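> Test case, fold it:
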Amino acid sequence: MKMYVYKFLTTLIIVNAMGCGNSQQDSHESTRTGTTSNQTVKNKTDMISQKITPCLWVDRDAKAVVDYYLSIFKNGKMKEYRQYKNPPEAIEQGGQESFETAIMEIGDIEFSILAAGPYFKFNESVSFVINCKDQAEVDYYWDALTADGGEEGPCGWCKDKYGLSWQVVPVEYFDLIHSDDPQVREKAMRNTLKQKKLILSELK
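Okay, the predicted model is just below:
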């Protein structure tokens, strides 16, 4: 129960700090310093372009997490980085003394990174699908994500070194499993179950 209270408190702190700018912070491409609280809120609101932003809770070092994903998704960028001190209430509930946040953009999607301690782990109930244009792109992302502590899984699923699940899928795969020809569909599905990384030539 304490961890969930801590998580709730940490979330409130993040919302307030990012909205009002009243915590100790070290920002990268963040809102301007020296503005009033209302101005900061307005500026932050203007910066938000997505209705829904995935938030990834990791153990520590938000910058290292961002650097890792930017090394794989080449056209990405880090848009913001901040450090915060936890208030006594959060520490009393089992939290650590400080935490970090970052915002990165990969694949034209913003992700929020929360580095706040080893309290929650990723599992396959949430995964991200990478729609690949061809087999070469499948090979690239599969090799990059499973390297350095990542893990291969069945049917095009894998985990990166942080335990986050990905589905690396060639877009042509969807044409095969949705084909009007039942033999094409059945072959693609049958061979999918035999594979880890999806190999298009074996699915056709």
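
> and the closest residue in space to residue 138 that isn't next to it in sequence, how far is that from residue 78?
Ranked by C-beta to C-beta, 6 or more residues apart in numbering and with sequence neighbours excluded, the top spatial neighbour of residue 138 is residue 132, at 4.6 Å. Heads up, the C-betas are built off the backbone N, CA and C, glycines and all. Distance, residue 132 to residue 78, using C-beta to C-beta, to the nearest Å: 24 Å.

> next one: residue 100
12 Å.

> Now do the shared contacts for these two.
Shared contacts of residue 100 and residue 78 (C-beta atoms under 8 Å, 6 or more residues apart in numbering): residue 63.

> isn't there a strand covering residue 80?
Yes. Under DSSP: H, G, I helix; E, B strand; the rest coil, residue 80 falls within a strand.

> Check the gap between it and residue 110 for me.
From residue 80 to residue 110 the distance is 10 Å (C-beta to C-beta).

> With neighbour numbers in mind, choose between these two.
Taking neighbours as other C-beta atoms under 10 Å, residue 80 and residue 110 compare with residue 80 leading, 22 against 19.

> Please verify my assumption that the more buried one contacts residue 102.
Yes. Shown here, residue 80 and residue 102 form a contact pair, counting by C-beta atoms under 8 Å, at 6.3 Å.

> just the strands in the protein please.
With strands called from DSSP state E, the chain shows them at 55-58, 77-85, 98-106, 109-115, 127-132, 151-152, 157-159, 165-170.

> Provide the contact partners of the first one at residue level.
This means strand 55-58. Identification of contacts with strand 55-58 by C-beta under 8 Å, 6+ apart yields 65, 111-116, 119-120, 122, 162, 164.

> Repeat that for the last one.
Strand 165-170 is contacted from outside by 122-124, 126-135, 137-138, 141-142, 145, 153, 156-160, 197-198, 200, using C-beta under 8 Å, 6+ apart.

> Now list the buried members of those residues.
Among the contacts of strand 165-170, those scoring as buried are 122, 127-128, 130, 132, 138, 141-142, 145, 153, 156-160, 197-198 (criterion: 16 or more other C-beta atoms under 10 Å).

> Show the model's pLDDT score for residue 94.
We note a pLDDT of 76 for residue 94 in this prediction.

> Could you pull up phi and psi at it?
In terms of degrees, to the nearest 10, the main-chain angles of residue 94 are phi 110, psi 0.

> That one: neighbouring residues, count only.
Residue 94 has 14 neighbours, counted by other C-beta under 10 Å.
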